[in-house]
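**Q** Sequence and predicted structure, then a few things I'm wondering about:
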Number of protein chains: 2
Amino acid sequence: MKKLLIPFCTLLLCQNFLFGQQVDIYERLGYPKDSKLLIIHADDLGVTHSENMASIEGLEKTPVNSASIMVPCPWFPEIADYARKNSSRDLGVHLTLNSEWNYYKWGPVSSVDAVPSLVNKDGYFYASVDSLLSVGKAEEVEIELRNQVKKAYQSGIDLTHLDAHMGAAASRPDYLAAYMKIGKEFQLPVLLDGRIYQIQDQGVKDLLDERTVVMDNILGAAPSDFDQGMAAYYKSVLNNLSPGLNCLLIHLAYDDEETRAVTVDHPYWGAEWRQADVDFFSSQECKELLEEQNIILVTWRELRDKITRAP
Amino acid sequence: MKKLLIPFCTLLLCQNFLFGQQVDIYERLGYPKDSKLLIIHADDLGVTHSENMASIEGLEKTPVNSASIMVPCPWFPEIADYARKNSSRDLGVHLTLNSEWNYYKWGPVSSVDAVPSLVNKDGYFYASVDSLLSVGKAEEVEIELRNQVKKAYQSGIDLTHLDAHMGAAASRPDYLAAYMKIGKEFQLPVLLDGRIYQIQDQGVKDLLDERTVVMDNILGAAPSDFDQGMAAYYKSVLNNLSPGLNCLLIHLAYDDEETRAVTVDHPYWGAEWRQADVDFFSSQECKELLEEQNIILVTWRELRDKITRAP
C-alpha cells in the first residue's frame, strides 16, 4: 500500500515564494515562466519482474520519463542490469522501509544486526508504515537508506534522485531529516513538497537551502480515483495541471499471474490498478493531452544537475 | 543450477549392510522385504510463485508425495501459509546456501554480520557452490542452516526432513557435519546416501547412528536426461527402480513468464525442464507405471517418525 504525500498547493506556493525557490525555477531549468513542468514517474521498479518489464516499456515507448528502484527487492538485479546498459534513463532509488504484500517479502540491505528496529520477527520490513513508525529508530533508518543508495551505486546505476516508498522515509521529522541528509551526502534531489517548510524540526530546517528541490505538486491516484476509473483521473490531472514543478507518481505492471499473486487481497495498488496505468500512459490520448495542454516533461536528471549540483 | 548427489549404488548397498540400516529398513517401516520404496520429492518450493503453485498442485493431485522449502526465498511466506493450513503434507526445509539465478536474488536469513563468508559483495548468497566452497566457513554454514530451520518452525510448519539445495550443505565434510548436526538437533532426517560411510571426517562419523536415515538411491534428471527427453528418463527410472529406499528429486514449476524470467540464460533446470516434470508426474502413464512396478510411495514423515524419532 502506498501513502501518498498530499499536496498543499496554495500554502506551498506562498511558502516557496517566501523561500525563493519557485521564483527562479523556470530560469534555473531554462523554461518559460509559468510553464507546466511535469515528471511522469513510475514507482516500485525492482519489486517484480512484471513491474520491471512494464516500467521499461513505459520508459522506452511512452511519455513516462522517470522511475525509481526498490533496492532491497528480489528483482533489483534485473533492473540494475537494465540501468547499467541504459545509463541515460532517469532512474533513482525508491527508498524502501516496508514490505507490504502478504506472501512475497523482503528485508533491509543492511545487516539485520545493524537495523533491528526496522524488521519484524521474521526478519522482513514491517508491512505498514504505522508499524514502522511505532518502533523504527531514526538512526537505523539513516543507516538503511544510506546502504540502499550505496548498493545502487555499487551496481553501476547513475542515480538521478531519491524518493520514499509509501512515503515512509518522509513520514516523521527525524526520518525526514535522515532522508534529506542522505540526499545531501550523495548530491541527489529528494522528493519533497511545500510541507517541508512547515516542519519545525531543526535537523530538517538546517538541510533546506537553495539546492533543495521542492515540488509544487506531487500527484497520484488514490483509491477513490481507482474506484471512479483511472483514465478519468489521469485526464483530469493533465487537463488541470498547474504551472510550476509537478510530479505524477504512477505504478506500471502487467495484470499477470505474478502481479496478481504479489498483490493478492489488496484491492488497491494491485494488478488491475497497475495495468490501468500501463494502459493510460501508453495511449494516444495521453500523448495528445500532453501536447494540447502544453505540458513540458522534465526529468530528475535536470533537477539534479541544474539545482542540486548547480555549479 | 543443481548439483545432484550421484548415487553409488553398489558400494552403498555393501556399506549399508555393513552398517546395518538396510537390514531392517523394511521391518522398521513396516513394508515387505525387498519392496521398492520411493519418495517422489519436489525441490525448490518458495523460490517463485509459479514453483509454489505447481508444487501444491503436484502434492494435491499427483503421486508427488513430498517436497522441501527454500526459507530464504521471497515467496517463502506463500508456501509457509499453505503448509500451516495443510499440516499433513510432507514438507521439509531445502537448506539453501546459494542464489543461482541471474536477475532474481536472495541472501541469508541470518544477519549478514553473523555469516559474512556466505555472501558476495551485494549481500546475496553466491551463485555457485564452488564460490561458496572457496570462502564459506563451516561455522557460519551451521549458523545459517540452524536459522533456516528455526524460521520454518517459527512459521508454523511441521517439518518432516531436511535436504540441501544444489547439494551445497553436503558438499564438504565440515559442511556435511553441520548439516547432520542440525538434523540431529531438531530430530529431523536429512537427505544422505551411502557415500556418507566413506567420509573420513570424525565429526561426520560421530553423527552416524541407528537413527540416521540413508537412501539407497538418490535419483534425479541430469542435463543429458533433459536433452534426451524427460519423460523417457522418468519412465526408465520407474521401470528400473531397485528395491530399497529411493528418493527421486524433481522440480515443479510452470513454463510461464515468471519462471522463464527467473531461469533466463540457464539452459538446464529452467522453465521447460520444470514444466516437463509437471507434465510427466501429472500423467496417467506415471500413475500406471507406479502400479505396474509395485512401487510403494513412502514419505519423509514415516522415516522421521519410525527411524529418526523411533521410541
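**A** It's in. Numbers count the residues shown, from 1 in each chain, chains lettered A, B, ... in the order given.
**Q** Can you list the helices and strands that the biggest helix by length in chain A packs against?
**A** Scanning chain A for the helix with the most residues, using DSSP state H, yields helix A:138-154. Applying 3 or more Cβ pairs under 8 Å, 6 or more residues apart in numbering or on different chains; DSSP states H and E, one finds that helix A:138-154 contacts strand A:91-95, helix A:173-185. The C-beta positions use only the backbone N, C-alpha and C, and glycine is treated the same way.
**Q** Now the element after the last one, going C-ward?
**A** Meaning helix A:173-185. helix A:202-207 (DSSP states H and E).
**Q** Give me the packing partners of that following helix, helices and strands only.
**A** helix A:173-185.
**Q** Now the helix it packs on: buried residues?
**A** A:173-184 (16 or more other Cβ atoms under 10 Å in any protein chain shown).
**Q** Just the CA trace of it, in PDB.
**A** Output in PDB follows, covering the C-alpha atoms of helix A:173-185 (Å, rounded to 0.1, in the frame of the first residue of the first chain):
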ATOM      1  CA  PRO A 173      10.600  14.600  11.200                       C
ATOM      2  CA  ASP A 174      13.600  12.600  12.300                       C
ATOM      3  CA  TYR A 175      13.200  10.100   9.400                       C
ATOM      4  CA  LEU A 176      12.700  13.100   7.000                       C
ATOM      5  CA  ALA A 177      16.000  14.600   8.300                       C
ATOM      6  CA  ALA A 178      17.700  11.300   7.600                       C
ATOM      7  CA  TYR A 179      16.200  11.200   4.100                       C
ATOM      8  CA  MET A 180      17.200  14.700   3.200                       C
ATOM      9  CA  LYS A 181      20.700  14.100   4.700                       C
ATOM     10  CA  ILE A 182      21.300  11.100   2.500                       C
ATOM     11  CA  GLY A 183      20.200  13.200  -0.500                       C
ATOM     12  CA  LYS A 184      22.700  15.800   0.500                       C
ATOM     13  CA  GLU A 185      25.500  13.300   1.100                       C
END
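**Q** now that helix, how far from the centre of its chain.
**A** Its chain's average C-alpha position is 15 Å from that of helix A:173-185, according to Cα atoms, centre = their mean, to the nearest Å.
**Q** what about residue A:245, helix or strand, and which?
**A** Going by DSSP H and E, residue A:245 is part of strand A:244-250.
**Q** Tell me the strands beside that strand, with direction?
**A** Strand A:244-250 has the following strand partners under DSSP bridges: strand A:36-45 (parallel), strand A:217-220 (parallel).
**Q** Single out the most deeply packed of the ones you listed.
**A** strand A:36-45 (a mean of 26; mean count of other Cβ atoms under 10 Å in any protein chain shown).
**Q** Give the buried residues for the next helix-or-strand element following that one.
**A** Next along the chain after strand A:36-45, taking DSSP H and E as the criterion, comes helix A:49-61. Judged by neighbour count using 16+ other Cβ under 10 Å, the buried positions of helix A:49-61 are A:49-59.
**Q** So helix A:49-61, near chain B or not?
**A** Yes: using Cβ under 8 Å from any Cβ of the partner chain, helix A:49-61 reaches chain B at A:49-50.
**Q** Please, which helix or strand holds the residue nearest to the spatial centre of chain A?
**A** In chain A, the residue lying closest to the centroid (Cα atoms, centre = their mean) is residue A:163, at 4.1 Å. Element membership for residue A:163 (DSSP H and E) is strand A:162-164.
**Q** What parts of the stretch 51-200 of chain A come near chain B?
**A** A:74-78, A:81, A:102-106, A:109-114, A:121-123, A:151, A:154-155.
**Q** Filter those residues down to the buried ones, PyMOL style.
**A** Buried members of those, defined by 16+ other Cβ under 10 Å, are picked up in PyMOL with:
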select buried, chain A and resi 74+75+76+77+78+81+103+104+105+106+109+110+111+112+123+151+155
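**Q** out of the residues of the stretch 51-200 of chain A next to chain B, which are inside helices?
**A** Assigned to helices by DSSP H, the following of those qualify: A:76-78, A:81, A:151, A:154.
**Q** which of those residues sit farthest apart?
**A** A:78 and A:154 (16.1 Å; Cβ to Cβ).
**Q** low-scoring stretches of chain A, by residue?
**A** Across chain A, the ranges flagged by pLDDT under 70 are A:1-23.
**Q** The closest residue in space to residue A:281 that isn't next to it in sequence: how many residues sit nearby?
**A** Excluding its sequence neighbours, the residue lying closest to residue A:281 (Cβ to Cβ, 6 or more residues apart in numbering or on different chains) is residue A:62, at 4.8 Å. The number of residues packed near residue A:62 is 18, by other Cβ atoms under 10 Å in any protein chain shown.
**Q** ok, residue A:62 to chain B distance?
**A** 20 Å (Cβ to the nearest Cβ, to the nearest Å).
**Q** Please tell me how far that residue sits from residue B:281.
**A** 43 Å (Cβ to Cβ, to the nearest Å).
**Q** so who does residue A:74 touch?
**A** With contacts defined as Cβ atoms under 8 Å, 6 or more residues apart in numbering or on different chains, residue A:74 is in contact with A:106, B:74, B:104-106.
**Q** Skipping its backbone neighbours, what lies nearest the residue nearest to the centre of chain A in space?
**A** residue A:191 (3.8 Å).
**Q** I figured the one you found hits residue A:167, correct?
**A** No: using Cβ atoms under 8 Å, residue A:191 makes no contact with residue A:167, being 9.2 Å away.
**Q** No more questions from me, cheers.
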